[in-house]
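K.L.:
the sequence isn't on hand, but the structure is:
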């Protein structure tokens, strides 16, 4: 799960392989500035400002990869095509890309099985060095640091330790530096950024930076209780005044016990705020403000739950009876403007029929509209 406040767009990377920047530019999957190709579906979204957004996706094509990068400069009403990295989209821990982040309208990063960088607003893309094979999550903090959460192997495979490692480096360049490593079986990760405050959840371990990602320190988190495996931390978000943590208990028949805790950068303790609806998996969490908390979760269906009172009470604001297509990139750019990808595209060319919808809200998650590419 990722959350990017307008006061401080942040890039974070969780990766698994090293290498120098390649000089191979991308070819245009769709022509720069041209109309969006029919059948385009979204994989990931990133807003560099409330008005400037970018989408990583895919579209039917004759010559693969079929990856597309889209740009809008009017709050999500009209989209145009840019060039794209020469790598297809894929499921996380697959052989392609599954995320995009832009630090501003010029500097962007597409990540997954490696990392691609643009310094000219998507006109050209180059392979960049990363400290691990997989970049699980990524963020760019203001004009300061790139943050990456990485893995050296595909989780769940035989012989894989299922560990995440947190790296960072200056956005202007330089070597990646390791900041922390999770324990084993770290299946959940989450990054939250607000201004110069960066929270990183890697498995059950929580890390905090108050200098824009230059240094991190360990921070206690309230779940699981001592000597108990559940509930486990699943997602974190920060709206400025407060930080919220979503913890998930045991799952049962498409349902998961969920708990919301709240703290602040200066507070030493977490306070339990409420229990969201059990339907769905652990899900993603994003906060535009204390009056706009949203959980994206999936089970028998796909739901967006919203709280207007700091996590005490929740109700479903959107439901897709889709068998659980799921979500990605639930985030807020301002206190009221947010986005989410419903059923993100995971195959090159969209060969597996997934909706790949970009949803936008302008009222703190009370209502959502589908962006038309």
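P.N.:
Great, that's in hand. Here the structure is a predicted model, which means the values were calculated and not measured. Residues are numbered from 1 along each chain as shown.
K.L.:
just give me the neighbour total for residue 114.
P.N.:
Neighbours of residue 114 under the rule other CB atoms under 10 Å: 24. Using the backbone N, CA and C atoms, a C-beta is placed for each residue, glycine as well.
K.L.:
what's the helix or strand for the residue nearest to it when sequence neighbours are not counted?
P.N.:
Distances taken as CB to CB, 6 or more residues apart in numbering place residue 130 nearest to residue 114, at 6.1 Å, with adjacent residues excluded. For residue 130, there is no enclosing helix or strand under DSSP states H and E.
K.L.:
so residue 130 touches residue 151, yeah?
P.N.:
No - Residue 130 is not in contact with residue 151 according to CB atoms under 8 Å; the separation is 11.0 Å.
K.L.:
tell me which of these two has more neighbours.
P.N.:
Shown here are residue 130 and residue 151; by other CB under 10 Å, residue 151 has more neighbours (27 against 24).
K.L.:
partners of that one in the sheet?
P.N.:
Beta-bridge partners of residue 151, counted by DSSP bridges, are residue 134.
K.L.:
isn't it right next to residue 134, touching?
P.N.:
Yes - using CB under 8 Å, residue 151 is in contact with residue 134, at 4.5 Å.
K.L.:
any idea how far the residue nearest to residue 114 lies from residue 173?
P.N.:
Relative to residue 173, residue 130 is positioned 14 Å away (CB to CB, to the nearest Å).
K.L.:
where does the prediction get shaky in this structure?
P.N.:
Scanning the chain with the threshold set as pLDDT under 70 gives 1-33, 185-186, 225-229.
K.L.:
helices along that one, start to end?
P.N.:
Per DSSP state H, the chain carries no helices over any range.
K.L.:
for residue 172, grab the count of nearby residues.
P.N.:
10.
K.L.:
cool, and residue 38?
P.N.:
8.
K.L.:
touching, it and residue 59? I think so.
P.N.:
Yes - counting by CB under 8 Å, residue 59 is a contact partner of residue 38 at 7.4 Å.
K.L.:
tell me the spacing between the residue lying closest to residue 39 once chain neighbours are set aside and residue 41.
P.N.:
Leaving out its chain neighbours, the residue that sits closest to residue 39 by CB to CB, 6+ apart is residue 60, at 4.8 Å. Note on residue 60: its distance to residue 41, by CB to CB, is 10 Å.
K.L.:
more neighbours: these two, which one.
P.N.:
Neighbour totals were compared for residue 60 and residue 41, and residue 41 leads with 26 against 13 (other CB under 10 Å).
K.L.:
need the nearest residue in space to the more buried one, chain neighbours excluded.
P.N.:
In space, residue 41 is closest to residue 356, 2.6 Å off (CB to CB, 6+ apart).
K.L.:
I figured the one you found hits residue 347, correct?
P.N.:
No - applying CB under 8 Å, one finds residue 356 not in contact with residue 347, separated by 10.3 Å.
K.L.:
where do the contact lists of those two overlap?
P.N.:
residue 58 (CB atoms under 8 Å, 6 or more residues apart in numbering).
K.L.:
of those two, which one has the most company?
P.N.:
Taking neighbours as other CB under 10 Å, residue 356 and residue 347 compare with residue 356 leading, 24 against 19.
K.L.:
could you report the distance from that one to residue 109?
P.N.:
Relative to residue 109, and taking CB to CB, residue 356 is found at 20 Å.
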